[in-house]
Structure formats: structure tokens, C-alpha cells
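> quick check, what structure comes out for this input:
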Amino acid sequence: ITIKMGDDVARVAERCEQAKQTAILDLSDCRMTAIPQAVFFILKEIELREVNLSKNDIKKLPPKLGFSIAFRTITKMNLSQNKLASLPDSIVQFSDLTELDLSKNDFVTVPEVMRSFQKLEVLNLSFNKLTHVEIEDFRGAPYLKEVILEGNPLEEAYIGLLQSSVGIQFKL
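Next up is the predicted model:
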């Protein structure tokens, strides 16, 4: 077990070093339960464009995530296949975010912070635990074109309302 944990730490460090060159941080499938503090330290001078934290066991994002200079410039973020049920309010600092993948997590409601993403175009909330979703959940995102909701136990009344909406394409 110690060797495997050491391998995971080395993988995270190596991928952080790669991100310094590419501005793309890929920490997918690293068996993380949280984002290591070292990531913020290593990347403190870097402006990232994309972040992939998918296929981990992350239950909660740290509040400082939104205040990290490295993360503020991202346009694409993949948080799929974790154990997230909420997002920190500080994530609104990601003012350039255009694509957000929250699929295959534990969300039971659309995160309130979704109303604050001014440039968000694509939101994937598929295969969560959402039973109701309203158009109002997305009113603050003027450029939102596509919301993917398939695989959620949505109530029939909400499905009808979403299908008849204008402006945003809902994939149910």
C-alpha cells in the first residue's frame, strides 16, 4: 500500500510539473480524496486553462480553490466521477469558465453558484441525484447553451418545463 500511495504522490507531482508547460492540469484518476495543498504551492505562479480532477474520490473542494491565481483563469473544468454534493462559493472566481463537467457525482440540487458563471456555455450534471431542476437555476449564466441532465431521477413535471424552454438546450 505504501508503494502505491508513493506512486500516486509522484503522479500528482509529475502532472503538476507538466501543467507548468501546458497550462492544463490533469489530475484525473489519482485516487485523491482532496486536492493536496502542494498543488496550490507548485502552481501558484501558473495561469491554468483547463483542470481535470475526474475519476477521484473528492467529496469537497477547498474554499481556497476559487482564490488560487492558478485556477482563476480556467475555461474548462472536469470534476466528473467524484463524490461531490456541493461546490464552494469561492468557485465564482472562475470568471472565464465556459465548460463545467459535474457528471457522476452526488448532487441532489443544482449548485446555487451556477447562477454566477457569466461565461458558462456547457454544464454537464448527468448521472447525479437531481429530482427537480428549474430554468431559474441557470438565469445568471447568459451564455449557457447546453445543460446535460440525462441519468437523473427527474420528476415528470420538471422534464416537461425543461423541454419547452427556449434558449438553453436541455439533454434529458
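
> give me the contact list for the longest helix along the chain.
Identified as the longest helix of the chain according to DSSP state H is helix 2-22. Contact partners of helix 2-22, identified using C-beta atoms under 8 Å, 6 or more residues apart in numbering, comprise 24-27, 30-32, 36, 38-39, 42-43, 46, 48. C-beta: built from backbone N, CA, C; applies to glycine.

> most neighbours among those, please name it.
Neighbour count (other C-beta atoms under 10 Å) singles out Leu25 as the most crowded of those, with 26 neighbours.

> residues contacting Asn82?
Asn82 touches Leu53, Ser54, Lys55, Asn56, Asp57, Ile58, Lys59, Lys104, Asn105, counting by C-beta under 8 Å, 6+ apart.

> correction: Pro62
Contact partners of Pro62, counting by C-beta under 8 Å, 6+ apart, are Ala34, Ile35, Pro88.

> any chance of the contacts of helix 2-22 in a markdown table, plus pLDDT, secondary structure and distance to Pro111?
What follows is the contacts of helix 2-22, written out as a markdown table (pLDDT from 0 to 100; DSSP: H, G, I helix; E, B strand; the rest coil; distance: C-beta to C-beta, whole Å):
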| residue | pLDDT | secondary structure | distance to Pro111 |
| --- | --- | --- | --- |
| Ile24 | 97 | strand | 24 |
| Leu25 | 96 | strand | 21 |
| Asp26 | 97 | strand | 23 |
| Leu27 | 96 | coil | 21 |
| Cys30 | 93 | coil | 23 |
| Arg31 | 91 | coil | 25 |
| Met32 | 94 | coil | 20 |
| Pro36 | 90 | coil | 23 |
| Ala38 | 88 | helix | 27 |
| Val39 | 92 | helix | 22 |
| Ile42 | 91 | helix | 27 |
| Leu43 | 91 | coil | 24 |
| Ile46 | 91 | coil | 26 |
| Leu48 | 94 | coil | 21 |
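
> so which of the residues you listed comes closest to Thr131?
Met32 (28.9 Å; C-beta to C-beta).

> nearest to Gly140, of the contacts of helix 2-22?
The nearest one, if we look at those relative to Gly140 and count by C-beta to C-beta, is Leu48, at 23.6 Å.
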